[in-house]
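Asker: no letters, just coordinates:
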Ligand code: PRP
C-alpha cells in the first residue's frame with residue numbers, strides 16, 4: 001500500500017533539466033547527423049514529459065512513437081518481469097531509433113526493450129535515460145546517454161509517478177515519507 005503522507009523536496013530544477021536536455025540534444029544531433037529519419041520511441045508512461053521536451057530540441061527529421069513496457073505496476077519495487085503492453089505503431093526495420101526513458105533503475109525494463117526492438121532489425125538503436133540510479137543496477141546495461149546520475153532515492157515528477165501521482169510536477173523531487 002502507498003504511504004499516506006509524504007512531502008516532496010526538489011532535487012533537480014526545471015531549469016537544470018532544460019539545460020541538460022539542450023546539451024543532450026546537441027550530442028544526439030551529432031550522432032545521428034545525416035539520418036533520413038530518426039524514430040524516437042518513448043516508453044510510456046514515465047517518458048512522456050521528457051520525450052516532449054527532447055524532440056523539440058532536436059534539429060533532425062524525427063518520427064515519434066511509443067511503447068508501453070512495465071515492470072512496476074503500482075508497486076514501488078520492480079517485479080523484474082517486464083511485459084510489453086503496447087507495441088509501436090510504425091515500423092523501425094532499417095531505421096535509426098532512439099529509445100527515450102525517464103529513469104533506469106535495475107535496468108530490466110530498458111534491457112528488455114532493447115532486445116525487443118533489436119528483433120525488429122533497426123539500422124541503429126541508441127538509448128537515453130534522463131535519470132540513472134547506477135547503485136541499483138541488476139542488469140549490465142548502460143544507456144548511450146544519461147542526464148543525471150542520482151542516488152537511490154524515491155523520485156517523482158517530470159513524468160515519474162508515485163502510485164500514479166505527481167507525474168505533472170515540472171521538476172524532479174525526492175519523496176520523504178512522514179508517516180514512518
Ligand atoms: C519505471 C520507469 C522505467 C522503469 C525503470 O516504469 O519509468 O521504465 O520503471 O526501472 P528498471 O530499470 O528497474 O526496470 P514503470 O514500470 O513504473 O512504468 P511507468 O513508466 O508507466 O511509470
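Answerer: Ah, there it is. As the structure is a computational prediction, the values presented were derived from the model and not from experiment.
Asker: what comes up buried for the helix or strand bottoming out on mean pLDDT in the chain?
Answerer: Taking mean pLDDT, DSSP states H and E as the measure, the chain has strand 83-86 as its least confident helix or strand, at a mean of 93. Neighbour counts over strand 83-86 (16 or more other CB atoms under 10 Å) mark no residue as buried. For every residue, glycine as well, the C-beta is placed using N, CA and C.
Asker: next structured bit after that strand?
Answerer: Remark: after strand 83-86, the chain's next helix or strand is strand 96-104, criterion DSSP states H and E.
Asker: run me through the strand neighbours of that following strand, direction for each.
Answerer: Take DSSP bridges as the rule and strand 96-104 pairs in its sheet with strand 38-44 (parallel), strand 124-132 (parallel).
Asker: do the longest one and the ligand meet at all?
Answerer: No: judged by CB under 6 Å from any ligand atom, strand 124-132 and the ligand are separated, with a smallest distance of 8.2 Å.
Asker: and that strand, how far out from the chain's middle?
Answerer: Counting by CA atoms, centre = their mean, to the nearest Å, strand 124-132 is centred 7 Å from the centre of its parent chain.
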